[in-house]
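Colleague: I need the structure of the sequence given here:
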Amino acid sequence: MLVHFITDEPNKFPAIRAMLDPRHELVARVLGSGDALIGTNGVFIVDVDLRQASRVEQVRRVLQPLSDACHKLFVVHNQACSMVVQARALGATAVISSTKEVVFRIAHIEEAQKAGQRDLAISSALTDCAAAFASMFLAVRAGKPITLSDATRATSQIIDRVQRSGLTSYLDEVRRYHEGTFQHCLLVTGVVVGFGIEIGFSSVDVSRLGIAATLHDIGKACIPLSILDKPGRLDAGEDEIMKRHPGTGYDLLKDISGMTPEILDGVRHHHEYLDGSGYPDGLTSSKISDLVRLLTISDIFAALIEARPYRAPMPRNTAYQILCDMNGKLEGPLVKAFRSVALVG
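Modeller: Okay, here's the model as predicted:
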C-alpha cells in the first residue's frame, strides 16, 4: 500500500521507514518543502506539532486538494484534546497516539479493502461530522461565535447514516474510529436519533432532538484541558468544574440566531433527574421536558458503552440494566421503550 508520511521533523523518517519497508511504498515529505502530493490514493499520515499556528496552516494547504482521500491519520502523541480537535478540524479520519499504531491501522484498512467493505475502513460522513464538532470546539476556545448550521449539517448526516445502516453499525463505526469527547457526542446523537425514530417521532422532531444532542456538550470546550484530558477519574473539585458544562453550553448558545428554546433546554438540562438530584438546576419531573428525558437516557447509555481511559466499554445489555435500575431518576415507560434501541438498534 502507498503511504504518504508528512512531518515537520525529518529525523522521524527512519523510524517510519523501518516499520513500513518493504511491505509498503513510503513517500516521505517534510512540511513546507514545497513538493506537491500526487493523487489521493493510499494512506496519508500527518505527524506535525499542531500547537503551532504556522504548522496548522501548512498542513491545511497540503491537505486541501485531498478532500477525496479516504484515509488521513493524524499522530497526536499525548492525545491532548486541543490537538485532537485541531486534527479533526483539518480532516483527520482517525487520530492515533503514536506512529507505532500505523502498522495496525494500515493492516485494518487493507483487511477491509480486501473484503470489499470500503465503508468499514472509514465513513466520510462521520469524518465530516467529527470535523464539524471540531470546528465548533475550536471556535469556542478561540472566543469566536459558532453557528447553528454546523450542528444542523452534522445532525442531518448522522440521521441519514442511522436510517440507512442501522444504529448498531453506526455505533460500531464511531467506537472504532473516534475518541474522547467526539466519540461521546457522535454516540449520543446517534443513540438519541435512533430512539426518536423508534418511538415514532416526526422527521422535524428527530432533527430537533438530534441537534440538541449534537450541541449538548459544547460547554466542555470551556473546561480546562487538564480536567478534560485527565486519564483517570476526576476528584471532587474537578468534578464540580466539569458539572458547569451544561450551564456554560447554554450561555454560549442562547444568543445564537435560530437556536430554539427546545434545543437550549436540552443543552442546559441533560443532566437533570426526575427526583431533583441532577444539575445544574435541580429540576423535578414536572419541569423536565420530554426532549430532555429522552436526551438524558441516551446520554447515560452512550457514556456507559463508550471506552474511557479508566475502563473498557460496557456491553449494551449491562448498560441498559443500569438504566432500568435508576428508579425515580429516569422515566420508566421511556426506559422500557428504549429497550429495543439499547439491545437491538
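
Colleague: quick check: bridge partners of the closest residue to Ile16 other than its chain neighbours?
Modeller: In space, Ile16 comes closest to Phe5 once its chain neighbours are excluded; the distance is 5.3 Å by CB to CB, 6 or more residues apart in numbering. C-beta: built from backbone N, CA, C; applies to glycine. In this structure, Phe5 bridges to Ala28, Ile45 when assessed by DSSP bridges.

Colleague: Phe5 and Ala28 touch, don't they?
Modeller: Yes - with contact defined as CB atoms under 8 Å, Phe5 counts as touching Ala28 (4.7 Å).

Colleague: now do the shared contacts for these two.
Modeller: Residues within reach of Phe5 and of Ala28 at once, by CB atoms under 8 Å, 6 or more residues apart in numbering, are 13, 16.

Colleague: who has more neighbours out of these two?
Modeller: Neighbour totals were compared for Phe5 and Ala28, and Phe5 leads with 23 against 17 (other CB atoms under 10 Å).

Colleague: the more buried one: what's it in contact with?
Modeller: Taking CB under 8 Å, 6+ apart, one finds 12-13, 16, 26-29, 45, 47 in contact with Phe5.

Colleague: want to throw those into TSV with pLDDT?
Modeller: Compiled in TSV, the contacts of Phe5 are given as follows (pLDDT from 0 to 100):
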residue	pLDDT
Lys12	90
Phe13	89
Ile16	90
Leu26	88
Val27	87
Ala28	87
Arg29	87
Ile45	92
Asp47	93
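
Colleague: tell me the one among those nearest to Asp235.
Modeller: Checking the contacts of Phe5 against Asp235 with CB to CB, the nearest one is Asp47 at 33.5 Å.

Colleague: is the closest one in contact with Val3, as I believe?
Modeller: No - counting by CB under 8 Å, Asp47 stays clear of Val3, with 12.0 Å between them.

Colleague: weed out the non-buried ones from the contacts of Phe5.
Modeller: 12, 16, 26, 28-29, 45, 47 (16 or more other CB atoms under 10 Å).

Colleague: farthest-apart pair in those, please.
Modeller: Leu26 and Asp47, at 12.9 Å, using CB to CB across these.

Colleague: quick check: neighbours shared by these two?
Modeller: Both Leu26 and Asp47 are in contact with 5, 16, where contact means CB under 8 Å, 6+ apart.

Colleague: ok, and the helix or strand in this structure with the lowest average confidence?
Modeller: helix 118-121 (a mean of 46; mean pLDDT, DSSP states H and E).

Colleague: if we can go back for a sec, can you add distance to Ala89 and give the buried ones among the contacts of Phe5 back as JSON lines?
Modeller: Conversion of the buried ones among the contacts of Phe5 to JSON lines gives the following (distance: CB to CB, whole Å):
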{"residue": "Lys12", "distance to Ala89": "23"}
{"residue": "Ile16", "distance to Ala89": "24"}
{"residue": "Leu26", "distance to Ala89": "26"}
{"residue": "Ala28", "distance to Ala89": "24"}
{"residue": "Arg29", "distance to Ala89": "21"}
{"residue": "Ile45", "distance to Ala89": "18"}
{"residue": "Asp47", "distance to Ala89": "17"}
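
Colleague: closest to Gln183 out of those?
Modeller: Out of the buried ones among the contacts of Phe5, the member with the shortest distance to Gln183 (by CB to CB) is Ile45, at 21.0 Å.

Colleague: for the closest one, give me its contacts.
Modeller: 3-6, 16, 73-75, 99, 102.

Colleague: how close does it sit to Val27?
Modeller: 10 Å (CB to CB, to the nearest Å).

Colleague: overlap in contacts, those two.
Modeller: Common neighbours of Ile45 and Val27, counting by CB under 8 Å, 6+ apart, are 3-5.

Colleague: wait, a helix at Val95?
Modeller: No - read with DSSP: H, G, I helix; E, B strand; the rest coil, Val95 is strand and lies in no helix.

Colleague: on that earlier part again, nearest to Glu110, of the contacts of Ile45?
Modeller: Using CB to CB, the contacts of Ile45 come closest to Glu110 at Val3, 11.3 Å.

Colleague: for that closest one, give me its contacts.
Modeller: 20, 24-27, 42-43, 45, 102, 106.

Colleague: that one in helix, strand or coil?
Modeller: Going by three-state DSSP: Val3 is strand.
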